[in-house]
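Visitor: below is the structure, and that's it, no one-letter string:
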């Protein structure tokens with residue numbers, strides 16, 4: 001439905017105007033005023049949502065501009081500033097090193113830094129490692145290391161890595177994460 005009211009000619013249109021609850025917009029060009037029915041394009045709720053998002057973005061932009069000129073404007077917003085990019089970089093670097101394959105060194109030196117411990121482990125024999133050695137693996141704490149040793153004592157020796165799935169606390173995701181660090185010799 002399209003209703004155009006042309007004031008240019010001064011005539012009253014014979015086409016009925018939209019109902020009060022229809023979603024309409026008034027478009028002005030020169031001396032012509034056009035009444036557009038948006039009912040075929042979107043619902044009233046969608047139009048309201050678009051207006052809300054638009055005005056929210058506009059209000060945010062105005063606040064940012066005012067804060068650039070006047071730093072004392074809305075001081076409560078100062079604590080919500082964007083985080084330091086160096087902190088984000090160091091977090092990403094730490095997470096990447098936990099997921100990386102074993103380091104090139106085969107030393108079993110234990111460090112207080114978990115990132116250094118993971119990098120220093122080349123491959124750990126699951127059948128002969130101690131509780132402390134198992135705790136150096138990523139995602140293995142004292143309790144889970146104890147469960148691994150207890151299960152190893154029950155079955156004798158591990159024959160495949162999938163046997164670790166029988167231990168409570170080790171699921172498919174953790175198994176994939178541990179796979180590069182485990183050997184069976």
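Guide: Arrived safely, thanks for sending. These figures come from a predicted structure and were not determined experimentally. Residues are numbered from 1 along each chain as shown.
Visitor: and residue 174, what does it touch?
Guide: Residues counted as contacts of residue 174 (Cβ atoms under 8 Å, 6 or more residues apart in numbering) are residue 139. Where you see a C-beta, it was placed from the backbone N, CA and C, and this is true even at glycine.
Visitor: so it belongs to a strand, correct?
Guide: No - counting by DSSP: H, G, I helix; E, B strand; the rest coil, residue 174 is not part of a strand but helix.
Visitor: now it: how far from residue 43?
Guide: 47 Å (Cβ to Cβ, to the nearest Å).
Visitor: likewise residue 60?
Guide: With Cβ to Cβ as the criterion, residue 60 and residue 43 are 26 Å apart.
Visitor: same check on residue 184?
Guide: With Cβ to Cβ as the criterion, residue 184 and residue 43 are 63 Å apart.
Visitor: domain ranges for the chain, per the record?
Guide: 2-37, 88-183 (automatic domain parsing).
Visitor: distance check, residue 180 against residue 137.
Guide: In terms of Cβ to Cβ, residue 180 sits 10 Å off from residue 137.
Visitor: below-threshold pLDDT in the protein: ranges please.
Guide: Across the chain, the ranges flagged by pLDDT under 70 are 1-40, 74-122.
Visitor: helices along that one, start to end?
Guide: Along the chain, counting by DSSP state H, helices occupy 44-69, 85-99, 114-120, 131-135, 142-155, 172-178.
Visitor: make a markdown table from these and add distance to residue 163 to it.
Guide: What follows is these, written out as a markdown table (distance: least, Cβ to Cβ, whole Å):
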| stretch | distance to residue 163 |
| --- | --- |
| helix 44-69 | 53 |
| helix 85-99 | 23 |
| helix 114-120 | 23 |
| helix 131-135 | 15 |
| helix 142-155 | 7 |
| helix 172-178 | 10 |
